[in-house]
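Q: here you go, sequence then predicted model.
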Amino acid sequence: MTKKSNKIKKKKKVRNWLLTIVTLVMFYSAVILIGSPFLKSTLINYRSISYSYIVNDELPKVIPKVEEIAPPTFEEAIKIEEPNSEGIIGAVTLDKVGIDLPVFVGVTNQNLLFGTAILYPERDPLIDNIVILGHHLGYQGKLLSPLLSVEEGNDIELLYLGDRYKYKVTSAAIVKETNLSVLDNTIDDKGVLTLITCDKPTETDQRFVVKAKLMSTTNKDVSNLQDTTIKQESSSQISQNIVKKKEIDWHLYLPLIIIIGLLIVVTPILIRLSK
């Protein structure tokens, strides 16, 4: 009876351990599956926020070709290298919603993981439609995710090729990606800013578009404008090769903290229940 009892106990012990391993594997797989979008967003946020850069006052000699843009994958977020600051010709700031991002020349997947990209760098902000694109990362996402909270009347500041331009939001709406009219240039020689991102962090055929009108600038050519409502500002505070670096908020790590805490708390409970 003793030998038989020991065998039964051993079999039961092995079965319990197998059950524990299977349970833990299933639990960890579920956590990774559910948590991977949040981890990806956290990683991209960290890399973009910790990226320090120089704002240049002239276009680079070589402008990268426009790439087919897709939502970033987890692998891209890990492996992609930081872009060269030579391609940064500006910075766009919306204090109301917490956006402060570099503006790259070249619509590439690399550039859009660290900031925004301008579609038509040859356009003149004083009289043209300046079009800037960026990614939407979703939950607690940075980059252009907060753009969806912008309201009519909010202020936008654009540092571009050595001059500063201030805009006021006139509209914010969701449009079909096939609606290319939002990219059209102005017909009345009045400066306009267009900011575009996806309406959600996954594959979508909708775009969130913010339009803003030019209110003031430090550009010396403002005296030649037909639009006399544009105010001239002092350029004394603007210097060449402005260096920008952002502070990292602890809220950035909240998804990672929650996932690690969940693993620490639930793992011993599952082990006990499996025995």
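A: Yes, it's here.
Q: mind listing the helices for the stretch 101-250 of the chain?
A: Here the stretch 101-250 of the chain has its helices, by DSSP state H, counting those that start in this stretch, at 109-112.
Q: for the stretch 51-200 of the chain, give me the ranges with low pLDDT.
A: 139-141 (pLDDT under 70).
Q: switch to 90 and redo it
A: Within the stretch 51-200 of the chain, the segments meeting pLDDT under 90 span 51-86, 98, 106, 109-110, 113, 135-143, 145, 162, 187-190, 199-200.
Q: what's around residue 183, how many residues?
A: Each residue near residue 183 was counted by other C-beta atoms under 10 Å, and the total is 14. C-betas here are computed from N, CA, C, even on glycine.
Q: kindly apply the preceding question to residue 21 instead.
A: Residue 21: 12 neighbours (other C-beta under 10 Å).
Q: helix/strand/coil for it?
A: Of the three states, residue 21 takes helix according to DSSP: H, G, I helix; E, B strand; the rest coil.
Q: chain neighbours aside, what residue packs nearest to residue 200?
A: residue 136 (6.5 Å; C-beta to C-beta, 6 or more residues apart in numbering).
Q: partners of the longest strand anywhere in the chain, with directions?
A: Longest strand of the chain, by residue count under DSSP state E: strand 163-176. Strand 163-176 sits in its sheet next to strand 155-160 (antiparallel), strand 206-217 (antiparallel), going by DSSP bridges.
Q: need the ones you listed in JSON lines (columns: distance to residue 92 and mean neighbour count).
A: Output for the strands paired with strand 163-176, formatted as JSON lines (distance: least, C-beta to C-beta, whole Å; neighbours: other C-beta atoms under 10 Å):
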{"stretch": "strand 155-160", "distance to residue 92": "5", "mean neighbour count": "20"}
{"stretch": "strand 206-217", "distance to residue 92": "10", "mean neighbour count": "21"}
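Q: and of these, who's closest to residue 44?
A: Counting by C-beta to C-beta, residue 44 lies closest to strand 206-217 out of those; the figure is 18.4 Å.
Q: put the alpha carbons of that closest one into PDB.
A: Taking C-alpha atoms only, strand 206-217 is exported to PDB below (Å, rounded to 0.1, in the frame of the first residue of the first chain):
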ATOM      1  CA  GLN A 206     -10.300  57.600 -41.700                       C
ATOM      2  CA  ARG A 207      -8.100  60.500 -41.000                       C
ATOM      3  CA  PHE A 208      -8.400  63.200 -38.300                       C
ATOM      4  CA  VAL A 209      -7.700  66.600 -39.800                       C
ATOM      5  CA  VAL A 210      -7.100  69.900 -38.000                       C
ATOM      6  CA  LYS A 211      -7.000  73.100 -40.000                       C
ATOM      7  CA  ALA A 212      -5.600  76.400 -38.600                       C
ATOM      8  CA  LYS A 213      -5.100  79.900 -40.000                       C
ATOM      9  CA  LEU A 214      -1.900  81.900 -39.700                       C
ATOM     10  CA  MET A 215      -2.200  84.700 -37.100                       C
ATOM     11  CA  SER A 216       1.400  86.000 -36.600                       C
ATOM     12  CA  THR A 217       5.000  85.400 -37.600                       C
END
